[in-house]
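[1] Generate a structure from the sequence data that follows.
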Amino acid sequence: MKQTTKGVFLSGLCYPGTGQMFFGRIYLGLVIITVSTIALVVLIYRITIRIYRSIDPLVEMLTTKSLTFQKIKLLLSQTGYAGWDLELISLIVFVFCWVASSVHAYYLGKNAGRSEHR
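    All right, here's what the predicted structure looks like:
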């Protein structure tokens, strides 16, 4: 397997930043891993909190058989902090890190392949 392919697979399939570490860019890999992890943790935490806050009232509605679409919509709008802004930002940051890390690992592998042929 080519170096380029290994780096892209590591960054694209394993975790963002691992391809950079594979090619010797340890600090850059650690920065990408740290930013990706923070974004992923924030995203999972915020969605978990939203679900947790929705479950008790939802179960109560189910047991009293008073569950309607309007009540679910109202419940979901009340369980959030201030909208989906932080979740959306976290998702965008994680996807950006993932794509940028994969592309960067590809170019690192390509440059490593060129230097081996010289």
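[2] Below-threshold pLDDT in the chain: ranges please.
    For the chain, applying pLDDT under 70 flags the ranges 1, 3, 79-83, 113-118.
[3] Identify the single longest helix in it, thanks.
    helix 26-63 (DSSP state H).
[4] Can you report how many residues lie near G12?
    By other CB atoms under 10 Å, 18 other residues sit near G12. All C-beta atoms are positioned from the backbone trio N, CA, C, and that covers glycine.
[5] was I right about T4 contacting H104?
    No: the criterion here is CB atoms under 8 Å, and T4 misses it with H104 at 11.6 Å.
[6] Compare those two (neighbour count), which wins?
    H104 (22 against 19).
[7] just how off-centre is the one helix or strand the more buried one maps to within its chain?
    In the assignment (DSSP states H and E), H104 maps to helix 85-117. Distance of helix 85-117 from the chain centroid (CA atoms, centre = their mean, to the nearest Å) equals 13 Å.
[8] and the residue nearest to L91 when sequence neighbours are not counted, what does it touch?
    Distances taken as CB to CB, 6 or more residues apart in numbering place L43 nearest to L91, at 5.8 Å, with adjacent residues excluded. Applying CB atoms under 8 Å, 6 or more residues apart in numbering to L43 gives the contacts E87, S90, L91, F94.
[9] And for the third one, the neighbour number?
    So the one you mean is L91. L91: 16 neighbours (other CB under 10 Å).
[10] Next one: A100 from I92, what distance?
    Distance from A100 to I92, counting by CB to CB, to the nearest Å: 12 Å.
[11] Same drill for those two, tell me which one is more crowded.
    Taking neighbours as other CB under 10 Å, A100 and I92 compare with A100 leading, 14 against 11.
[12] any idea how far Q20 is from the more buried one?
    Between A100 and Q20 the distance, using CB to CB, works out to 10 Å.
[13] Now do the shared contacts for those two.
    In contact with both A100 and Q20: I32, using CB under 8 Å, 6+ apart.
[14] Mind giving me the packing neighbours of the next helix-or-strand element following the longest helix of the chain?
    Next helix or strand after helix 26-63 toward the C-terminus (DSSP H and E): helix 69-78. Under the contact definition 3 or more CB pairs under 8 Å, 6 or more residues apart in numbering; DSSP states H and E, helix 69-78 sits against helix 26-63.
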